[in-house]
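Asks: coordinates only, sequence not included:
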């Protein structure tokens, strides 16, 4: 079945560490997105990519970085510059502007 | 920036009742979408309505769109306990292929 796989499901980060969240899709979608969700809140856009080797900052890109070397993969790195990284991170992809998004099951990141 | 704002923030009903959630947005859109999120899970796409459409149905779901009022509503008829989830509206006002989500409505359906 086609879909989006996020890993790991739970991730713990120590102060000053960089961590990378994985997002892989086999839907052949060009566009991919990373969102952050804090408790009881909506989704805020971190980064998005419309095509391989190209990506743009979203509303809250500071302290995060991404790469898009393959169509299937869009990993997100949470750097030590992100001062409040504890949140639920969601990856999504879409076939186009008039199509819905397909979401992964999320990664819950906690700072310890 | 949040484009869509859902109302109410929380809704509690009994099984069999209808649930209505509203979404308001600020700028012009090409389409508006509704998603469901079960606790601790990813979002699931429910329905997309284009700006030139006024109403759309999918099973027990009915979505309306009023572009003059910049608002949409999601109606779930004959609700079930399994409908318990958070529901989000999202608009493409963020630009081509970029959705902006509201804060969501938490729906609780009691058996």
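Replies: Cool, got the structure. Computed from a predicted model, the values in this text were never measured in an experiment.
Asks: Check which helix or strand the residue nearest to the spatial centre of chain A maps to.
Replies: The residue lying closest to the centre of chain A (Cα atoms, centre = their mean) is residue A:34, at 3.1 Å. Under the criterion of DSSP states H and E, residue A:34 resides in strand A:31-37.
Asks: Mind listing the strands that strand pairs with, and their directions?
Replies: Next to strand A:31-37 in the sheet, as set by DSSP bridges, lie strand A:43-51 (antiparallel), strand A:87-94 (antiparallel).
Asks: tell me which residues in that strand are buried?
Replies: A:31, A:32, A:33, A:34, A:35, A:36, A:37 (16 or more other Cβ atoms under 10 Å in any protein chain shown). No exception for glycine: its C-beta is placed from N, CA and C like everyone else's.
Asks: What residues does chain A have near chain B?
Replies: With Cβ under 8 Å from any Cβ of the partner chain as the criterion, chain A meets chain B at residues A:4, A:6, A:31, A:33, A:35, A:40-45, A:48, A:50, A:58-59, A:88, A:90, A:92, A:94, A:96-106, A:108.
Asks: Give the buried subset of those as a PyMOL selection command.
Replies: A single PyMOL command selects the buried members of these (16+ other Cβ under 10 Å):
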select buried, chain A and resi 4+6+31+33+35+42+43+44+45+48+50+58+88+90+92+94+99+100+101+102+103+104+106
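Asks: if we can go back for a sec, turn the strands paired with strand A:31-37 into CSV, including distance to residue B:89 and mean pLDDT.
Replies: CSV is the format used below for the strands paired with strand A:31-37 (distance: least, Cβ to Cβ, whole Å; pLDDT from 0 to 100):
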stretch, distance to residue B:89, mean pLDDT
strand A:43-51, 11, 95
strand A:87-94, 15, 97
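Asks: Flag the shaky bits of chain B, pLDDT-wise.
Replies: When residues are selected by pLDDT under 70, those of chain B lie in B:1-4, B:94-96.
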